[in-house]
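>>> Give me a 3D structure for the following:
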Amino acid sequence: MRTKRSQALALALFTVFYNLLEGAVAIFGASTSGSQALLGFGLDSFIESLSGMVIIWRFWKFAPDEETEDFERVEQRAERLVGYTFFILGAYISFDAGAALLWQQAPETSLIGIALAAVSVLVMPVLFLLKFRLGQKIQSRSLIADSKETLACVFLSVALLIGLGAHYLWGLWWLDPVTALIIAVLIVREGFETLGESADD
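Model prediction:
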């Protein structure tokens, strides 16, 4: 029977692997289609992998059931580091979406982008639930915070699908960056909440 530690590590490793693969495919698709929206999505994926790397470090160092001063310090530090990744992700999304609005950059239709976003909409909610439930079970605030970053990836995938589809069907080029900006605000707010919870512990 797999330990909770190995489960957390497996989920974190899959998160990093999937995001790196997703980012590479997205950037390849952007290079062939010229889609700025897809390029931004790919770079977002690389930023999101940072959170998974923090969780790998956290569970590689300590098992979730250890009760030592070092364990608490590492858990708090991991939660704080995940909180910082929310700000990095939110800042990049805001910059990318703001530039798209300023320069009126339409999200070019890309079959690779649509397929990639559709796969993420299917995979990421399952990954979010697995990490969130495991985080609650082992009372790991850092893993719960990381699961919320995975949820942000779900929202970004939905935003990409909406943006590409709305532009293709109705020519609403601005819907993609506007949706992304709304998501960025929610992501930054989550970052503040994560850091606030970490400071309270």
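>>> Low-confidence stretches in the protein?
1-2, 34, 65-69, 109, 201 (pLDDT under 70).
>>> pull the longest helix from it.
If you go by DSSP state H, the chain has its longest helix at helix 69-102.
>>> Just after it, pick out the following helix or strand.
Next in sequence after helix 69-102, counting helices and strands by DSSP states H and E, comes helix 111-138.
>>> hmm, back to that, what packs against the longest helix of the chain?
Where contact means 3 or more C-beta pairs under 8 Å, 6 or more residues apart in numbering; DSSP states H and E, helix 69-102 is packed against helix 36-61, helix 141-170, helix 175-200. Glycine gets a C-beta too; all of them are placed from N, C-alpha and C.
>>> Just tell me which of those helices ends up closest to E75.
Closest approach to E75 among the helices and strands packed on helix 69-102 is made by helix 141-170 (5.9 Å; C-beta to C-beta).
>>> circling back to that earlier point, what's the angle between the longest helix of the chain and helix 141-170?
20 degrees (axes from the mean of the first three to the mean of the last three C-alpha atoms, to 10 degrees).
>>> residues contacting L164?
37, 107, 109-110, 113-114, 117, 176 (C-beta atoms under 8 Å, 6 or more residues apart in numbering).
>>> and the gap between it and A97?
Taking C-beta to C-beta, to the nearest Å as the measure, L164 falls 14 Å from A97.
>>> same check, this time on S51
According to C-beta to C-beta, S51 and A97 sit 20 Å apart.
>>> Same drill for the two, tell me which one is more crowded.
S51 (30 against 25; other C-beta atoms under 10 Å).
>>> Help me confirm that that one comes into contact with Y84.
No: using C-beta atoms under 8 Å, S51 is not in contact with Y84, being 9.3 Å away.
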